[in-house]
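> need a 3D model of the sequence below.
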Amino acid sequence: MRIRRVVTTRAGGRSKPPYDSFNLGDHVGDDPEAVAANRRRLAAELGLAEDRLAWMEQVHGRTVTVVDGTESGPAEATDALVTTRPGLALVVLVADCVPVLLGDPEAGVVAAVHAGRIGARVGVVPAAVEVMVARGARPDRIEALLGPAVCGECYEVPQAMADDVEAHLPGSRCRSRKGTPALDLRAGLWRQLADLGVGKIGVDPRCTMEDETLFSHRRSAPTGRIAAVTWMEQ
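Okay, here's the model as predicted:
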């Protein structure tokens, strides 16, 4: 089984400012027709039918939903999707949070995870790995990608918040470019995945706040959402 992964940018869509232009989030106040057109283009660019894209209603929790393509509408109140169905693309939307794409090509199971500060703190990534393992995956065979997100140099938080997240996600506490308390969620998630025994962990180094080809809620709210997508091909 071949695992595919795609991360979009904000270019090439129909949305108008401040969502310009390839916004894929339908919950941010953008024109629904523009979002629908952007989603149609995403499916076309991936070479998939629109109903082969699985979406979720992200709520900053640790709920994992297994999907097979028969669902109508997005998975409700969930922050991770898992499937064993080839050709079904799992979509996570972000604008600073960490999109985590996981896959075991031998077992034929993939996951897309929305890991913001709260979700990462409460363990959404280990929860997704657990569901994958229950469907035949092995941590040492899982390939992970931590997608674009706000970097530690930009993600300033109060000291108490940094300490709290560090207690639940070791390796995430850091200092910002200004020397103030900050969080590097990708660093913490990398360590968490390594501790789980995940064999291959890649990191897209782009910072959503610094890279203006990406959406960033912290830089310019309201704004759109980019997508990180994964699916399997036989």
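> what's opposite the most centrally placed residue in the chain in the beta bridge?
Centroid-nearest residue in the chain, with C-alpha atoms, centre = their mean: Pro99, separated by 1.9 Å. Per DSSP bridges, residues listed as beta-bridge partners of Pro99: His114.
> how close does it get to Arg138?
Pro99 sits at a distance of 23 Å from Arg138 (criterion: C-beta to C-beta, to the nearest Å). C-beta: built from backbone N, CA, C; applies to glycine.
> swap in Gly108?
Counting by C-beta to C-beta, the gap from Gly108 to Arg138 is 12 Å.
> surely Val203 meets Trp190?
Yes. Val203 lies in contact with Trp190 (C-beta atoms under 8 Å); the separation is 6.6 Å.
> what sits against Val67?
Counting by C-beta atoms under 8 Å, 6 or more residues apart in numbering, Val67 touches 54, 75, 81-83, 85, 88, 90.
> in strands only, show me those.
54, 81-83, 90 (DSSP state E).
> let me have the contacts of Val67 in CSV, adding distance to Ala44 and pLDDT as columns.
Below are the contacts of Val67 laid out as CSV (distance: C-beta to C-beta, whole Å; pLDDT from 0 to 100):
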residue, distance to Ala44, pLDDT
Ala54, 17, 98
Ala75, 23, 98
Leu81, 21, 99
Val82, 25, 99
Thr83, 21, 99
Arg85, 20, 98
Leu88, 16, 98
Leu90, 18, 99
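> rewinding a little: Gly108 and Arg138: which is more packed in?
Gly108 (18 against 14; other C-beta atoms under 10 Å).
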